[in-house]
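K.L.:
after the sequence you'll find the predicted model.
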Amino acid sequence: MFGQEKSRNCVFRASRHSPLPILFCAAGLLYFLSLDHYYVGRFNDDARHWLAARSLCSGAYVDLAHPREIPLTHQLPGYPLLLLPAAAAGSMQAAKAASLLFLLASLLLLWNLFGEFFSAGQRTLLTGLWAFHPSTAEQSGSVMSEPAFLLFSLLILKKFQSWSPESRPEKMRPAFTLGLLCAFSAWIRPQGAVWIAAVSAYLLFVPAQGQAGASPTPPGPRSSPRPTGASGSQGTVPGAAEGAAAGRVRRAAAFAAGAFPLWLLPFLRNWWTANNPAGYFLELPPVSGEGLGAVSTVGRLFWDQLSHYPSLLFVEGFWGWPGEPPADFRVLLLTTLAAVPVFVGFLERQGWKDPVGKLLRLYVALYLCLHLFWVNRDVRYVVPILPFLFVFCLQGARSIAGRMPRSKYLLAGAAAALFGWFLIADAGVVRAARRRRLNENAPPERTLAWVREQTPGDAIFMGAYKDFIYLYSGRKALRYSSFDDPDAWYFGLLAQGVGYLWFDDYHQPINVASVRREERRRDIERLQEQAQNSGRFQLMFSDSEEAQRIFALREPPGFRLAYERLRGIMAVIDQGNLAQALEELSRLQQERAPLIRLPFYLGTTAMLLGRPGQALAPLEEAARREPAFEAASNNLRRTRDMLSGSTGEAAR
């Protein structure tokens, strides 16, 4: 099973005794039974994909969930384009079935692509391990872009294999076509840019076969013999190195002509229509600091991801561990058992000699490097490289078996145990898909029914999952926004026509690195704190089982006028006229203006004018209203210091 022989059966058409038809039919049955493992909207991204496809059906590419239906910039158009037939038919089940078809097509490509790498038994094991991996089964019924991205990744490798720049370096059209494939993969997921980088690096820096060393004399009837060295070997043709470099540049230029214009097209369109190239850039680390501060932020993100990814990659990803990985020695054991053969296979010299093997290793390395700086992290990100992990694992296991006596029987037993583990996990996936599971394959029906029946059709909501809200209730929605000033935030809600605030603890947010996790937690806590202000919000619906709460906005009398006056006073402060500003702020205070930050501005202005006695009470009230507002606490401390200093001078 772990021998070195290769199979000659490298076409989609299986031989009479090939296990491919059995694998294909069994995987198709598993995927069909798992079709209802998730409902569309479970991840919110799937609802966004579906709505984007519906938007394309109407001849536009806009955010249907947004009240103004602004141009869609966060969503790349590749996957919605693939969903167009299902969207035109109006069938979300057809969209889920598309993922099933993408995975079955990937199965065929995986079988075909690595036929020259492995023996017949090894190829069967490789295909079976990936096809029956529980993550593959779960993704078969989701409207997520990972199955489509994996299919195009395999198509890229297949196109590269059929062209092989090391064997046919003079061909330029295949390089252009390969560029188009890589660019469209980047339309499906932004990580497709890694394919562009990997192929570009390969074409530029890996010499074509026969160009790395000596080159034969160009054919010709009058070619004279070349001088030989002491060893008798032929010398190199003058300019051969320059010619090889020029050939690499030509191949890379042909690839770039196909890849870069198509890849950049959505970003240029986004910049033209919305002055924002892509919302995906928000998933990269925040580097708003300067100098060492920015480096520290990136460094903390890198270290946090580096410490997390071994478990994500080799426990949740490779082993398909259900739920959170165990927090004990089993994590180390499972990680080691998976990582050792994978790394041995990745570093195997024979794998680096093959053109496809070299490109594949370069791609996986760059893909993982990108995700070490990607703020979000989820086992779904392992799905597009999962079959490649098994490729490395089998190559590593084969290498280990060749060095250790009798080890091939142990490795064969381990492979059988791993396959059995996957089948047991698949049974759990199928059982879960056949029963109703809140938060997995069933939306919060009672909450959605209340929204549809008890709120106006033109109501605007604000929530964490706006695409889910619109898809199932038909109500326009905005995403939660972080804020510093609660008055400015509330005024913005009213100005945008928001009527309801939706807290959804039902959806599980995607895991993020610690540098962003604390920020998101703090934003949610501030939102929930604001919702408790009975003068501005009223609880309208709550369901503890579905973990949903909906608040209606209640505008305090005179709020908008008072806030407009406050903004005018801020302009006066900016002009340096603090005395006039203090007088107008005091007038607002006497009128009991419904502004949360008013005591802070009043006390701070009095403090800056050197009136700590007048500043103390307002700043104490500001600190009481917003305990987490550091500026209020700092100014209160400074005012007390000023008062204590004045008292000391008076005593002297």
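P.N.:
Noted; the coordinates are in hand. Numbers count the residues shown, from 1 in each chain.
K.L.:
residue 494: which element?
P.N.:
Taking DSSP states H and E as the criterion, the element that holds residue 494 is helix 486-495.
K.L.:
doesn't residue 615 make contact with residue 640?
P.N.:
No - look at residue 640 against residue 615 with C-beta atoms under 8 Å: they stay out of range, at 9.8 Å. Bear in mind the C-beta positions are built from the backbone N, C-alpha and C, glycine included.
K.L.:
what's the spacing between the residue nearest to residue 548 when sequence neighbours are not counted and residue 377?
P.N.:
Excluding its sequence neighbours, the residue lying closest to residue 548 (C-beta to C-beta, 6 or more residues apart in numbering) is residue 447, at 4.2 Å. Distance of residue 447 to residue 377, computed by C-beta to C-beta, to the nearest Å: 29 Å.
K.L.:
ok, now residue 49?
P.N.:
Residue 49 is 20 Å from residue 377, where distance means C-beta to C-beta.
K.L.:
higher neighbour count, these two?
P.N.:
Taking neighbours as other C-beta atoms under 10 Å, residue 49 and residue 377 compare with residue 49 leading, 26 against 19.
K.L.:
name the residues that touch the helix or strand hosting that one?
P.N.:
Assigned by DSSP H and E, residue 49 falls within helix 45-57. Applying C-beta atoms under 8 Å, 6 or more residues apart in numbering, the external contacts of helix 45-57 come out as 38, 40-41, 61-65, 72, 74-75, 77, 79-81, 83-84, 86-88, 92, 95, 142-145, 465, 467-468, 470-471.
K.L.:
beyond it, next helix or strand please.
P.N.:
Next along the chain after helix 45-57, taking DSSP H and E as the criterion, comes helix 78-82.
K.L.:
could you list the buried residues of that next one?
P.N.:
Neighbour counts over helix 78-82 (16 or more other C-beta atoms under 10 Å) mark 78-82 as buried.
K.L.:
out of the residues you listed, who's nearest residue 352?
P.N.:
Nearest to residue 352 among the buried residues of helix 78-82: residue 78, at 30.9 Å, using C-beta to C-beta.
K.L.:
and the gap between that closest one and residue 183?
P.N.:
Taking C-beta to C-beta as the measure, residue 78 falls 9 Å from residue 183.
K.L.:
next: residue 358.
P.N.:
Distance from residue 358 to residue 183, by C-beta to C-beta: 21 Å.
K.L.:
which stretches of this protein have low pLDDT?
P.N.:
Counting by pLDDT under 70, the chain shows low-confidence ranges at 1-16, 164-171, 207-244, 279-297, 507-516, 646-652.
K.L.:
quickly list what the residue positioned nearest the centre of the chain is bridged to.
P.N.:
The centroid of the chain falls nearest to residue 376 when counting by C-alpha atoms, centre = their mean (5.9 Å). Beta-bridge pairing of residue 376 under DSSP bridges involves residue 512.
K.L.:
if we can go back for a sec, show me what the helix holding residue 494 is packed up against.
P.N.:
helix 514-531, helix 559-574 (3 or more C-beta pairs under 8 Å, 6 or more residues apart in numbering; DSSP states H and E).
K.L.:
all strands for the chain, in order.
P.N.:
For the chain, applying DSSP state E gives strands covering 460-463, 476-479, 498-504, 537-543, 548-553.
K.L.:
where does the first one sit relative to the chain's centre, distance-wise?
P.N.:
Read that as strand 460-463. How far strand 460-463 lies from its chain's middle: 24 Å, per C-alpha atoms, centre = their mean, to the nearest Å.
K.L.:
hang on, isn't residue 395 packed against residue 351?
P.N.:
Yes - with contact defined as C-beta under 8 Å, residue 395 reaches residue 351; the gap is 5.6 Å.
K.L.:
among the strands of the chain, which comes closest to residue 149?
P.N.:
Using C-beta to C-beta, the strands of the chain put strand 476-479 closest to residue 149, at 24.3 Å.
K.L.:
and that closest one, how far out from the chain's middle?
P.N.:
With C-alpha atoms, centre = their mean as the basis, strand 476-479 stands 21 Å off its chain's centre.
K.L.:
packing partners for that strand?
P.N.:
Using 3+ C-beta pairs under 8 Å, 6+ apart, strand 476-479 is in contact with strand 460-463, helix 466-473.
K.L.:
between these, which one is closest to residue 325.
P.N.:
Residue 325 lies closest to helix 466-473 among the helices and strands packed on strand 476-479, at 27.6 Å (C-beta to C-beta).
K.L.:
mind listing residues that contact that closest one?
P.N.:
The contact list for helix 466-473, computed with C-beta under 8 Å, 6+ apart, reads 40-41, 44, 47-48, 50-51, 64-66, 443, 448, 451-452, 461, 463, 475-479, 502, 504, 507.
K.L.:
are any of those buried, and which?
P.N.:
Neighbour-count burial (16+ other C-beta under 10 Å) applied to those gives 40-41, 44, 47-48, 50-51, 64-66, 443, 448, 451, 461, 463, 475-478, 502, 504, 507.
K.L.:
so residue 41 sits right up against residue 443, yeah?
P.N.:
Yes - between residue 41 and residue 443 there is a contact at 6.1 Å, judged by C-beta under 8 Å.
K.L.:
for the helix ranked longest in the chain, which positions count as buried?
P.N.:
As assigned by DSSP state H, the longest helix anywhere in the chain is helix 240-274. For helix 240-274, the neighbour count (16+ other C-beta under 10 Å) marks 240, 244, 247-248, 251-252, 254-256, 258-259, 262-263, 266-267, 269-270, 274 as buried.
K.L.:
report the distance from it to the chain centre.
P.N.:
How far helix 240-274 lies from its chain's middle: 25 Å, per C-alpha atoms, centre = their mean.
K.L.:
just checking, what packs against it?
P.N.:
With contacts taken as 3+ C-beta pairs under 8 Å, 6+ apart, helix 240-274 sits against helix 173-188, helix 193-205.
K.L.:
would you mind getting the angle between it and helix 173-188?
P.N.:
Angle, helix 240-274 to helix 173-188, by axes from the mean of the first three to the mean of the last three C-alpha atoms, to 10 degrees: 30 degrees.
K.L.:
how about residue 109, nearest residue that isn't a chain neighbour?
P.N.:
Nearest one to residue 109, counting by C-beta to C-beta, 6+ apart, is residue 154 at 4.0 Å.
K.L.:
good, wrapping up.
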